[in-house]
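**Student:** my questions are about this predicted structure, shown below with the sequence.
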Amino acid sequence: MSGFLAAFTLVFLAEMGDKTQLIAMTFAARYSWRPVMAAVLAATLANHGLAVLLGVLLGGLLPDAAMRVVGSLAFLAFGLWTLRGDGDEEEELHQSRSPFWTVALTFFLGEMGDKTQLAVLTIAAERGAWLPVLAGSTAAMVIADGLGILLGSKLRRHVPPERMKRISAFVFIACGLAGLVSFLT
């Protein structure tokens, strides 16, 4: 199987129901789908580019424990920040700015040490073909998370903003706690 097809298949299947797909859905329920999709693409290219580079250079040796803890703590912080809110004036300011960097950073951290990143690293180490592996994994992430973004955009039309805020906070906190629990066990 080619590096592209191997990366695409493995990452697409691993991403279905994954925390980053839920994150993409959550952000799309709060923001327009366009900056969310652009941020997912940028973060995936950066994250999987790093995995491919390390996979090719190091042959699959990447300690991920520290990144999993950092990512989990970041999710907890995002969840608590979402629950706290920004105040009316700051909320208006945040709504007038693009959420691109918030989504990109959250998504990038969410993928650090994740099974999809490790799968990409492993495939790159096995195949040594960085471009097909990066292209396949990125295409898979964009398609899988695009499904989450589509669902999130639909939710945005039907769920009141305050309820969506609480749901978003819950998703972030749950992902953070799950990451910490998996690290500790």
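**Tutor:** Ah, there it is. Just so you know, these numbers come straight off a predicted model, no measurement behind them.
**Student:** tell me the contacts of Ala38?
**Tutor:** Residues in contact with Ala38, defined by Cβ atoms under 8 Å, 6 or more residues apart in numbering, are Phe100. In short, each C-beta sits where N, CA and C put it, glycine included.
**Student:** quickly note the distance from it to Trp101.
**Tutor:** The gap separating Ala38 from Trp101 is 11 Å, by Cβ to Cβ, to the nearest Å.
**Student:** backbone torsions only: list them for Met16.
**Tutor:** phi -70, psi 120 (degrees, to the nearest 10).
**Student:** what's the pLDDT at the closest residue to Leu41 other than its chain neighbours?
**Tutor:** The shortest distance from Leu41 to any non-neighbouring residue, by Cβ to Cβ, 6 or more residues apart in numbering, is to Val142 (5.7 Å). Note for Val142: predicted pLDDT of 95.
**Student:** residue contacts, Val142?
**Tutor:** Per Cβ under 8 Å, 6+ apart, neighbours of Val142: 37, 40-41, 44.
**Student:** and with 10 Å instead?
**Tutor:** Counting by Cβ atoms under 10 Å, 6 or more residues apart in numbering, Val142 makes contact with 12, 15, 24, 37, 40-41, 44-45, 149.
**Student:** once you drop chain neighbours, what's closest to Gln21?
**Tutor:** Gln21's closest residue in space is Gly148 (Cβ to Cβ, 6+ apart), at 4.2 Å.
**Student:** please apply the same query to Val103.
**Tutor:** Sequence neighbours aside, Ala39 is the residue nearest to Val103 in space, at 3.6 Å (criterion: Cβ to Cβ, 6+ apart).
**Student:** could you measure from that neighbour over to Ala46?
**Tutor:** Computed as Cβ to Cβ, the Ala39 to Ala46 distance reads 11 Å.
**Student:** any common contacting residues for these two?
**Tutor:** 104, 107-108.
**Student:** beyond the one helix or strand in the chain whose mean pLDDT sits lowest, next helix or strand please.
**Tutor:** When the helices and strands of the chain are scored by mean pLDDT, DSSP states H and E, helix 88-96 comes last with a mean of 44. For helix 88-96, the following helix or strand on the C-terminal side (DSSP states H and E) is helix 100-111.
**Student:** if we can go back for a sec, any idea which of the contacts of Val142 has the most stuff around it?
**Tutor:** Counting neighbours by other Cβ atoms under 10 Å, Ala24 comes out on top of those with 33 neighbours.
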